[in-house]
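Q: return atomic coordinates for the entry below.
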Amino acid sequence: MISSLNPTKMLPILMVASLLCISACSAFVIPGEVSYRSGNLSPAFHQTELSMSSSIMESPRQSFEDRMRGMVMGGRKKKAVLEKKNKQLPANMQIVTSLEDYKTVVGGERDRIVVVRFFAPWCKACKAIRPHFYRLASEFTNVLFVEVPVTEANANLHQGLGIPSLPFGHIYAPNGGLVEEVKITRPQFSKFAHKLQ
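A: Below you'll find the model as predicted:
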C-alpha cells in the first residue's frame, strides 16, 4: 500500500508530521529538569524555553497573500503617517488616488502647467526624490504638482498611462496635453526640473 503512494503527495504530510513532533518535544520541557537538548542549564532557561515554545504554537501564521497585502497596502499606522505627510504638503500640491480624481485634477486644469509624480510608498528611489520634488513645488508656486501613489485601487491608472517604472513624471501644458514624460530618479531630476523653466 505504501509503495503505491506518490512520493510528491507524501512529502507535505511528512513535513507536517515532523514539525508537529518537533514542536511537541520542545513544548514539554519541564522547568528544573535537564533535557537532552539543553545540557546543564539553569531552571530559568527551561522556564523561558517553555514559555517561548508555547507562544510560538499559539500564534497563528499569516498566509503569504496576507503578508504581501500588508506590505503593499500597509496598515492603519501607515495611513496615519500618510495623513501626517499630507498636512505638510505645499499649497500647490495635491495627492490623487483614483482615476476620477486624476481626470478632474489633471484634465480639468486649464490655467497652469501640471507636473505629476508617480511613486510607490515602499520604493527607495521614490523616497529619495520626494524632498527634491517638494522643493521644486515650493520654487514654482504657479505650477500645480500632483502625486499619484501606487495602490491596489489605482493600479489600472498607472498601467493605462503606460508608466514603465517608478518614480516617473509627466508634465502637462495648460492647453497642450502631455508634453513630457520622463523617469525622475536622482540622476535625471535636474533635467526634469530644467524642463519647467
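
Q: residue ranges of the strands in this structure, please?
A: Assigned strands in the chain, in chain order: 93-95, 114-119, 144-149, 168-173, 177-183 (criterion: DSSP state E).

Q: now what about the third one, what contacts it?
A: Put plainly, it is strand 144-149. Strand 144-149 is touched from outside by 90, 92-97, 102, 105-106, 109, 112-121, 133, 136-137, 154, 157-158, with contacts defined as C-beta atoms under 8 Å, 6 or more residues apart in numbering. Yep, even glycine has a C-beta here, placed from its N, CA and C like the rest.

Q: neighbouring strands for that strand, and are they parallel or not?
A: Strand 144-149 has the following strand partners under DSSP bridges: strand 93-95 (parallel), strand 114-119 (parallel).

Q: export it to PDB, keeping only CA atoms.
A: Below are the C-alpha coordinates for strand 144-149, written out as PDB (Å, rounded to 0.1, in the frame of the first residue of the first chain):
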ATOM      1  CA  LEU A 144       0.300  72.600 -10.000                       C
ATOM      2  CA  PHE A 145       2.100  69.500  -8.600                       C
ATOM      3  CA  VAL A 146       0.300  66.200  -8.300                       C
ATOM      4  CA  GLU A 147       1.400  63.000  -6.600                       C
ATOM      5  CA  VAL A 148      -0.100  59.600  -7.600                       C
ATOM      6  CA  PRO A 149       0.900  56.800  -5.300                       C
END
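
Q: quick one, that strand and strand 168-173 angle?
A: Relative orientation of strand 144-149 and strand 168-173, computed by axes from the mean of the first three to the mean of the last three C-alpha atoms, to 10 degrees: 150 degrees.

Q: ok, Asp111 to Gln197 distance?
A: Between Asp111 and Gln197 the distance is 19 Å, computed by C-beta to C-beta, to the nearest Å.

Q: same deal with Asn142?
A: Taking C-beta to C-beta as the criterion, Asn142 is separated from Gln197 by 12 Å.

Q: want to throw the strands paired with strand 144-149 into CSV with mean neighbour count, mean pLDDT and distance to Cys126?
A: What follows is the strands paired with strand 144-149, written out as CSV (neighbours: other C-beta atoms under 10 Å; pLDDT from 0 to 100; distance: least, C-beta to C-beta, whole Å):
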stretch, mean neighbour count, mean pLDDT, distance to Cys126
strand 93-95, 18, 95, 13
strand 114-119, 24, 96, 4
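
Q: can I get those in a markdown table including distance to Glu147?
A: As requested, the strands paired with strand 144-149 are exported to a markdown table (distance: least, C-beta to C-beta, whole Å):
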| stretch | distance to Glu147 |
| --- | --- |
| strand 93-95 | 5 |
| strand 114-119 | 5 |
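
Q: figure out which of those is closest to Arg186.
A: Closest to Arg186 of the strands paired with strand 144-149 is strand 114-119 (C-beta to C-beta; 13.3 Å).

Q: residues in contact with that closest one?
A: Outside strand 114-119, the residues touching it (C-beta under 8 Å, 6+ apart) are 105-106, 126, 129-130, 133, 136-137, 140, 143-150, 158, 161, 163, 166-172, 184, 196.
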